[in-house]
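**Q** Mind folding the following:
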Amino acid sequence: MRRKATGKKAARRKPVAKKKVTRARAPAKSKRKNAGPADLTSKKIVTALGEVDFEHKTITNSMRGTLENCLAKGFWEYGHRLAQRGIVDYFWVGGIAHAEWERMYERAKFLKKPFLKRLDAETREALKHCINEDQTDKVWKGSAMLGGMIPAYAEYYLARDLDEYEVVATECKFPPIPIPGTDWSYMGMRDMLVRERSSGQLGLWENKTTGQIDAGYVARLPLDFQILGYVWATEQHDGEEVDFIEYNVAQKSRLRGRQGETFGALLDRIEADYRTDPTKYFYRERVPFDRSSIDRFTHQLGLFVSKLEWVLKNGIWTQNTNQCTIRGICPYMPLCLGGPTKANLSMYRQKAVAHEELEDAA
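**A** You can find the predicted model right below:
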């Protein structure tokens, strides 16, 4: 029997529609952070900071994670809406992968030649916005990896997934959900909602790209506050309880070009590696959760808001130096070291809104 969310709010919401969502426009561009060059909708070079701005009082998973890890980084990234100029390779790669997953599941098919044409166009556009050789090199490597990963994924998973699940919606944003006991709201975008054909159960599907899948990565999945938050938001907004969470993880290939090897040959070699042993690169996990996990999430989200309001009131944006080089060098390190000088600020662009990827969700 399908369960319904309880409470006055749930009673006002309609259940999630069973029909597959279709869209009039192609989803391959600008739906994810850095899916395309964000410089086009923001101030390209920053010359002055202005005031700290959290007046919209909206929180996303990314914002919460950043502030939990380092208040100073959150100060620059969300308080002043600063972002590294050029192309951030892992955002760019993730954006294209998510757009292609969305396309293949919405259209219930995958065509390799049109995909490679789209990838080529996205790559050439990204290269125009790279500001140094390091970014250019990473875009080429990411493009080669995507050219191998996406076709292999479609061949390995797509048909069986469509047999097992009805796709309810893809890349579905939810409007701001009030956080209990506060005047702040929670926002986000779920990768996919599916309904299991055999049981009728509703599932939340989370797509991830990662550099490495190991025991630690898997062990922390049940505690992931992003997916628990999306379960809570889905139930608040759509009025139907989520029965299961499906993690769909793709590991990035570490193969690199050989001396004298053409780009096309590298792409073929990467794709062959994905096809030869898909289990090395693709990982699925149905993550268990119970209602107490959702309760803990909402309680901790309220505590986070209290902490953030205290920080805003007192202006204490402390640095967590353990985070400075945990994933390469933090893009905001020059600001923490030398302050917001004219030279340092010129390394950044200023986003039009704090949550670029959700600009039209409110």
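
**Q** what about the residue nearest to Cys324 when sequence neighbours are not counted, which SS state?
**A** Using CB to CB, 6 or more residues apart in numbering and skipping the chain neighbours, the partner closest in space to Cys324 is Cys330 (5.0 Å). The way it works is simple: take the backbone N, C-alpha and C, and place the C-beta from them, glycine included. At Cys330 the chain is in coil, as set by DSSP: H, G, I helix; E, B strand; the rest coil.

**Q** And Cys330, how far from Arg190?
**A** Distance, Cys330 to Arg190, by CB to CB, to the nearest Å: 28 Å.

**Q** still on that earlier bit, residue contacts, the residue nearest to Cys324?
**A** Neighbouring residues of Cys330 by CB atoms under 8 Å, 6 or more residues apart in numbering: Cys70, Lys73, Gln323, Cys324, Cys336.

**Q** Just the pLDDT for the fourth one.
**A** Read it as Cys324. We have a pLDDT of 91 for Cys324.

**Q** What count of nearby residues applies to it?
**A** Number of residues near Cys324 (other CB atoms under 10 Å) recorded here: 18.

**Q** Please verify my assumption that it contacts Tyr332.
**A** No - between Cys324 and Tyr332 there is no contact under CB atoms under 8 Å: 9.1 Å.

**Q** Which pair of the contacts of Cys330 spans the longest distance?
**A** Gln323 and Cys336 (10.6 Å; CB to CB).

**Q** Compare the two (neighbour count), which wins?
**A** Using other CB under 10 Å as the criterion, Gln323 and Cys336 rank with Cys336 on top: 18 against 14.

**Q** How much space separates the more buried one from Glu164?
**A** Cys336 is 48 Å from Glu164, where distance means CB to CB.

**Q** Where does pLDDT dip in the stretch 101-250 of the chain?
**A** For the stretch 101-250 of the chain, the stretches with pLDDT under 70 are 214-215, 217-218, 222.

**Q** elements contacting the lengthiest helix in the chain?
**A** The longest helix of the chain (DSSP state H) is helix 291-314. If you count contacts as 3 or more CB pairs under 8 Å, 6 or more residues apart in numbering; DSSP states H and E, helix 291-314 packs onto strand 58-59, helix 61-69, helix 225-238.

**Q** Turn the ones you listed into JSON lines, including distance to Glu133 and mean neighbour count.
**A** Below are those laid out as JSON lines (distance: least, CB to CB, whole Å; neighbours: other CB atoms under 10 Å):
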{"stretch": "strand 58-59", "distance to Glu133": "37", "mean neighbour count": "24"}
{"stretch": "helix 61-69", "distance to Glu133": "28", "mean neighbour count": "17"}
{"stretch": "helix 225-238", "distance to Glu133": "33", "mean neighbour count": "22"}
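
**Q** These: which one's closest to Gly315?
**A** Closest among these, once you apply CB to CB, is helix 61-69, at 14.3 Å.

**Q** So what's the model's average confidence on the helix or strand following that closest one?
**A** Note on helix 61-69: by DSSP states H and E, the next helix or strand toward the C-terminus is helix 71-74. The pLDDT scores in helix 71-74 average 96.

**Q** Tell me the helix or strand right after helix 71-74.
**A** strand 82-84.

**Q** What pairs with that following strand, parallel or antiparallel?
**A** Paired neighbours of strand 82-84 in the sheet (DSSP bridges): strand 348-351 (antiparallel).

**Q** Give me the average confidence score over the strand it pairs with.
**A** Averaging pLDDT along strand 348-351 gives 88.

**Q** Can you dump the C-alpha atoms of that strand in CSV for me?
**A** The C-alpha trace of strand 348-351 is given here as CSV (Å, rounded to 0.1, in the frame of the first residue of the first chain):
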residue,chain,number,x,y,z
TYR,A,348,36.9,36.0,-9.7
ARG,A,349,33.6,36.7,-11.2
GLN,A,350,30.5,37.7,-9.2
LYS,A,351,27.5,35.5,-9.6
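
**Q** What are the buried residues along that strand?
**A** Tyr348, Arg349, Gln350, Lys351 (16 or more other CB atoms under 10 Å).

**Q** Now distance to Tyr247 too, for the residues you listed, in JSON lines please.
**A** Compiled in JSON lines, the buried residues of strand 348-351 are given as follows (distance: CB to CB, whole Å):
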{"residue": "Tyr348", "distance to Tyr247": "33"}
{"residue": "Arg349", "distance to Tyr247": "32"}
{"residue": "Gln350", "distance to Tyr247": "34"}
{"residue": "Lys351", "distance to Tyr247": "29"}
